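Enquirer: everything below, folded, please.
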Amino acid sequence: MPVPFLKRHMQFQTSNAIGDRFNVLSQDATTQSIAEHGVRCLLIFEYCYFLLQKEKSPAEQDVIPLAIKEYKGFNVAATVHQAVETAVQQHDQNLNELCQALLQVVLENRMSCRFLP
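Expert: Okay, the predicted model is just below:
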């Protein structure tokens, strides 16, 4: 039964890393919570990539916790929450438009832009 274990592990990881309100694997997962989780993951992983490209990059095991900390510290979470909520309200019935709107949220909230000239 690997699926229940994986589900428990993912809930634990999500709950500890991001906070209890972001647990999208609960039974009441919504389009908005799933979309917000996806956008958050993309932003954090993209930022991790840029952290690892720096001359003095942190140790590999420290990159994800650091990216999560900075995601919270940059106050990106509140901005992303509002933008995803708006996108879902406006485009929930049209998957193509919703995907385009969510991609725009990712592009507008990249933390890696600090590393770009």
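
Enquirer: where does the protein have low pLDDT?
Expert: Applying pLDDT under 70 to the chain picks out residues 1-28, 114-117.

Enquirer: at 50 instead, please
Expert: Filtered on pLDDT under 50, the chain yields the residue ranges 1-16, 20, 22-24, 27.

Enquirer: which of the helices or strands spans the residue sitting nearest the centre point of it?
Expert: Nearest to the mean C-alpha position of the chain, by Cα atoms, centre = their mean, lies Arg40 at 1.0 Å. Remark: Arg40 resides in helix 31-53, with elements defined by DSSP states H and E.

Enquirer: show me what that helix is packed against.
Expert: Using 3 or more Cβ pairs under 8 Å, 6 or more residues apart in numbering; DSSP states H and E as the contact definition, the elements that helix 31-53 packs against are helix 60-73, helix 76-91, helix 95-108. Where C-beta positions appear, they are placed from N, C-alpha and C, glycine not excepted.

Enquirer: could you rerun that using 10 Å?
Expert: Judged by 3 or more Cβ pairs under 10 Å, 6 or more residues apart in numbering; DSSP states H and E, the packing partners of helix 31-53 are helix 2-17, helix 60-73, helix 76-91, helix 95-108.

Enquirer: which one of the ones you listed lies nearest to Tyr49?
Expert: Distance to Tyr49, taken as Cβ to Cβ, is lowest for helix 60-73 among the helices and strands packed on helix 31-53, at 9.0 Å.

Enquirer: related to what we said a few turns ago, tell me the angle the helix holding Arg40 makes with helix 60-73.
Expert: 130 degrees (axes from the mean of the first three to the mean of the last three Cα atoms, to 10 degrees).
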